[in-house]
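In: sequence and predicted structure are below.
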Amino acid sequence: MTTLIDFRTEPSSYRHWRMTFDGPVAHVVMDVDPAGGLFEGYELKLNSYDLGVDIELHDAVQRLRFEHPEVRAVVLSSGKPGVFCAGANIRMLGRASHGHKVNFCKFTNETRMAIEDATENSGQFYLAAVNGTCAGGGYEIAMTAGHIMLIDDRRSAVALPETPLLAVLPGTGGLTRLTDKRKVRRDRADQFCLVEEGIRGQRAVEWRLVDELVPPSAWQDAVAQRAAAFAARSDRPQDATGIVLTPLDRATTDDAVAYRHVRVALDRAGRRAEITVSGPADLPADLAGIHAAGAAFWPLAMARELDDALLHLRLNEPALGVLVLRTEGDVSAVLEADTLLETHRADWLVCEVRLLLKRVLKRLDLTSRSLVALIGGESCFAGTLAELAFAADRAVMHAEGAALAVSMLNFGAYPMSNGLTRLATRFLGEPDSVSRARATIGARLDSAAAESLGLVTATFDDIDWDDEIRVMLEERVSFSPDALTAMEANLRFAGPETMETRIFGRLTAWQNWVFQRPNAVGAHGALQRYGSGQRAEFDPERI
C-alpha cells in the first residue's frame with residue numbers, strides 16, 4: 001500500500017457516513033460504500049471499514065464539536081438493514097503492511113477516544129443504536145458511546161470474534177473497554193471473546209455488554225426518546241453559533257509539507273523530519289474577536305495543521321524515525337494567546353480549542369518516532385508551544401539568546417493519557433520541581449534558568465551547538481527503530497495507569513507482536529485463510 005493517504009475531507013465528500021440534524025440531536029449513520037476502499041483489492045462489505053472510513057468519522061466528530069454547538073446528543077447507527085458494523089475489513093488487514101495495520105489501529109483508537117472526550121467534556125453525549133449484527137471493530141465503535149441500545153430482533157448481537165476467527169485481538173481497545181469501562185466480569189469477558197456468533201438479547205444486558213434491549217416495534221421511538229433525554233441533561237449552549245472548519249491550506253513537495261503555521265522539512269538521508277511551528281503574528285483582542293476569527297484563530301489553526309502533519313508523517317513517511325521539533329516567533333505573543341485561552345475558558349468555542357490542543361498533543365505523545373526539541377534564539381517555546389518541548393524525549397537549548405516560558409495552561413489544560421500533565425510526568429519523583437516551574441509563569445527563562453529548573457535536557461553554546469546536535473541525531477538513527485519505539489513508549493507514560501495508557505500500551509506491545517506472528521499473518525495463518533474454506537494452521541507453542 002503506497003498510495004499517499006490524505007486525512008483532509010469534509011461532509012460533501014463522505015462516501016461512508018451521513019449526518020442529519022434534529023434540533024439538539026445529531027444522527028451519524030454508517031452506510032459504507034463497498035466500492036469505496038482506500039486501496040484496491042477488497043470490498044467494504046457489511047459496513048466493514050478501512051482507514052478511509054475512519055478518516056471520515058474523525059472529521060465528523062470534529063465538525064460536530066466546532067460547527068454544531070447546538071448538538072447535545074449524537075446517535076450512532078447503521079444505514080444498512082440487519083448489520084450495524086462488521087468491523088475492520090479482513091481483506092484489507094490481510095493485504096496491509098504491518099506498519100499500516102498498527103497505525104490504522106492507533107488512529108482508530110484516537111478517533112474512538114475523541115468520541116469519549118466529546119461525551120465527557122463537550123456536552124455532546126454519544127449513544128449507539130445497534131440495529132443489527134455488531135462485531136469486532138463495530139462493537140468497539142459502539143463501546144465508545146456512553147449508552148448502547150440493542151434491538152431485540154433475535155438476530156442482532158454484539159461480538160468480539162477476533163481471537164477465534166482471525167488469531168488477533170480487538171485492535172481498538174475492545175478488551176480494555178470491556179473490563180475497565182463496561183465493567184464486564186473477567187470470566188464472562190473470556191467467554192464472550194471466544195463465541196464467534198456473539199451474545200444477544202437479555203444476556204447481553206445482564207453481562208453489561210449493552211445497556212438496553214428494545215423490541216423492534218418500539219425501536220424508533222425508544223431511540224428518539226433516549227437521545228432527547230440525554231440531550232436535555234447537557235450544559236452545551238442552546239443559542240450558540242458554530243464556526244466553519246475551513247479546508248486546510250497545504251502545499252506538498254518531495255521534501256516538504258507546508259501550511260500557514262506549520263512547516264515540515266523531510267530529510268530522508270538523515271531519516272528525520274523537522275517540524276517548525278510558527279507563533280501567532282496577530283491575535284484578537286477579546287472573545288468576540290476569537291469567534292469572528294473562527295478557524296483562523298491561531299491556536300485552532302495551528303492545532304489542525306500540526307495534527308494533519310503528524311498523521312501525514314505516521315502513514316506516509318514511516319522511514320523518518322526522528323521528529324525534530326522547532327518553533328519560531330515571539331514568546332510574548334504565545335503567552336498572549338494562552339491568556340486568551342485561559343481568560344475565556346468557559347466559552348464553548350475556547351473550550352473546544354483547548355480540548356483539540358489536548359488531543360493533538362496526545363497524538364504527538366503516541367507517535368512512534370523519537371522526539372527532539374531544539375530551542376534556539378528564534379524559538380517561541382512558551383506555554384502551549386512549550387508542551388512540544390515537554391513532550392520530547394530530549395529537549396536541547398542554545399546557551400545564548402534562547403528563551404523558554406510556561407503559562408497556566410502547562411499546569412492542567414493538556415493532560416497526557418496517564419491523566420497527569422507533561423510537567424508532572426517529567427517530575428514524577430520531584431514534585432517540588434513542578435511548584436518551582438509554576439512559580440515562573442510568564443517569565444522569560446534563559447538557558448541557565450531552564451536547565452536549573454529541569455525544563456530542558458541540556459544546553460550548548462555556539463561553539464558546540466552544531467556538532468552536539470549532529471552527533472545526537474546521527475546516534476539516534478543508528479539504533480534499532482523497534483527498540484526505540486518500545487523504549488520511548490515505556491518512558492513517556494510514567495505514573496498512573498489509565499484506560500488510555502492500557503489501550504495504547506497493549507496495542508504497542510501485544511497487538512504489535514500478534515500482527516507479526518505466523519499464526520495470524522503467515523501463509524497458513526488466520527488472516528490469510530479467512531474466507532477460503534481452509535482452516536488456519538497454528539504453531540501450538542506458547543511464548
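Out: Alright, I've got the coordinates.

In: need the contact partners of the helix-or-strand element of the chain with minimal mean pLDDT.
Out: Lowest mean confidence among the helices and strands of the chain (mean pLDDT, DSSP states H and E): helix 512-514, at a mean of 84. Residues outside helix 512-514 that contact it (Cβ atoms under 8 Å, 6 or more residues apart in numbering): 102, 167-169, 520. Every residue, glycine included, has its C-beta placed from N, CA and C.

In: those: which two are farthest apart?
Out: Val102 and Ala167 (16.1 Å; Cβ to Cβ).

In: which residue of the protein sits farthest from its center?
Out: Ranking residues of the chain by C-alpha distance from their mean position (Cα atoms, centre = their mean) puts Ile463 at the top, at 40.4 Å.

In: remind me which residues of this structure are low pLDDT?
Out: 1-2 (pLDDT under 70).

In: what residue lies at the spatial centre of it?
Out: Glu110 (2.6 Å).

In: surely it is in contact with Leu364?
Out: No - using Cβ atoms under 8 Å, Glu110 makes no contact with Leu364, being 11.3 Å away.

In: for the helix or strand following the least confident helix or strand of the chain, buried residues please.
Out: The C-terminal neighbour of helix 512-514 among helices and strands, as given by DSSP states H and E, is helix 518-521. Residues 519-521 are the ones in helix 518-521 that count as buried (16 or more other Cβ atoms under 10 Å).

In: follow-up on the earlier one: can I have the buried ones of the contacts of helix 512-514 as a PyMOL selection?
Out: To isolate the buried ones among these in PyMOL, judged by 16+ other Cβ under 10 Å, type:
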select buried, resi 102+167+168+169+520
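
In: list the contacts for the nearest residue to Ile55 once chain neighbours are set aside?
Out: Sequence neighbours aside, Phe7 is the residue nearest to Ile55 in space, at 5.5 Å (criterion: Cβ to Cβ, 6 or more residues apart in numbering). Taking Cβ under 8 Å, 6+ apart, we find Phe7 in contact with 55, 58, 308, 311-312.

In: which of the residues you listed fall within strands?
Out: Among the contacts of Phe7, no member falls in strands (DSSP state E).

In: picking that back up, just checking, the residue nearest to the centre of the chain is part of a helix?
Out: Yes - Glu110 forms part of a helix when assessed by DSSP: H, G, I helix; E, B strand; the rest coil.

In: residues contacting it?
Out: Taking Cβ under 8 Å, 6+ apart, one finds 58, 359, 362-363, 366 in contact with Glu110.

In: circling back: okay, and which of the contacts of Phe7 map to helices?
Out: Residues from the contacts of Phe7 lying in helices, with DSSP state H as the criterion: 55, 58, 308, 311-312.

In: where exactly do the helices run in the stretch 51-200 of the chain?
Out: Along the stretch 51-200 of the chain, counting by DSSP state H, counting those that start in this stretch, helices occupy 51-67, 90-95, 98-121, 137-144, 162-166, 174-176, 186-192.

In: all helices of the stretch 301-450 of the chain, in order?
Out: Ranges of helices within the stretch 301-450 of the chain are 331-343, 348-365, 386-391, 422-426, 431-438, 447-452, based on DSSP H, counting those that start in this stretch.
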